[in-house]
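**Q** Below: sequence and its predicted model.
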Amino acid sequence: MSMVFTSEPIIKVENSCIFQGLDAILSDVDFSIDKDEFVFLIGRTGSGKSSLLKTLYADLPLKLGKAEIVGFHLENIKKQEIPFLRRKLGIVFQDFQLFTDRTVADNLFFVMRATGWTDKSKMKKRMTEVLLKVGLADASSRMPHQLSGGEQQRVVIARALINQPSILLADEPTGNLDPDVADGIFKLFQEINKEGTAVLMATHNHDLLRKYPYRVLKCEKGKLLDSKTSDITINTSY
């Protein structure tokens, strides 16, 4: 008899409402993401993409509905559990959010200390591994201003990978970059995904959507559409 391995989805959201302040910006949100999936999140500015991502990493509270991500229940997560949730997630922002007065190494060490690393030699080893993975093995002693935009974004991705997350949540990670640089960053996300990390990437880049046949979630008129169950047209009007 063959064994059947059922893989639990890494994200499961059921009958949820996503709020921005007092306003429900998305309602009846229902979707799940499997542990090796690559999913695009699209929609006009203000349609709820960032609010959805912020709810998933517990920056905004889930007031209505149920959601589970990497084993944490967001509808009743306690404040002191949030750092543990974020250890299992990698979060990549559009605007880098690096400390400009610290070297690349110190930026990475800061995150490590904040997430419970204490052993100096293990920290150095892990820093070297993640910088190597993003193609910046020689950048540890440089300051952010000595790096190009694409290199800074690679540092941000390295930082997101430190704790070997099960999923990367990326909010417009190529939004501020030239097309050829953006392409390199996107390929890096694909490599990370092929190694078994799920990716949920908010993007405005329609070339990516046309080029790669990944699943698409679209915020539109207060609903979240899923290309698994709806026809989603990739338009160029936003």
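**A** Perfect, thanks for sending it. Numbers count the residues shown, from 1 in each chain.
**Q** What's the end-to-end length of stretch 157-175?
**A** 14 Å (Cα to Cα, to the nearest Å).
**Q** average pLDDT across it?
**A** Mean per-residue pLDDT for stretch 157-175: 93.
**Q** and if you look at stretch 183-202?
**A** pLDDT averaged over stretch 183-202 gives 95.
**Q** oh, and call the first residue 34 from now on, that's how I've got it
**A** Renumbered: residue one is now 34, and that last one reads stretch 216-235.
**Q** From the chain's centroid, how far away is it?
**A** Centroid displacement of stretch 216-235 relative to its chain, using Cα atoms, centre = their mean, to the nearest Å, is 10 Å.
**Q** which outside residues touch it?
**A** Stretch 216-235 has contacts (Cβ atoms under 8 Å, 6 or more residues apart in numbering) with 43-44, 66-75, 82-83, 86, 89, 123, 166-168, 183, 186-187, 190, 194, 198-207, 210, 241, 245, 250. For every residue, glycine as well, the C-beta is placed using N, CA and C.
**Q** Output the worst-scoring helix or strand of the chain on mean pLDDT as PDB, nothing but the C-alphas.
**A** Lowest mean confidence among the helices and strands of the chain (mean pLDDT, DSSP states H and E): helix 239-244, at a mean of 87. The C-alpha trace of helix 239-244 is given here as PDB (Å, rounded to 0.1, in the frame of the first residue of the first chain):
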ATOM      1  CA  HIS A 239       2.500  43.000 -16.200                       C
ATOM      2  CA  ASP A 240       5.400  41.800 -18.300                       C
ATOM      3  CA  LEU A 241       6.100  39.200 -15.500                       C
ATOM      4  CA  LEU A 242       2.400  38.200 -15.500                       C
ATOM      5  CA  ARG A 243       2.400  37.600 -19.200                       C
ATOM      6  CA  LYS A 244       5.800  35.800 -19.200                       C
END
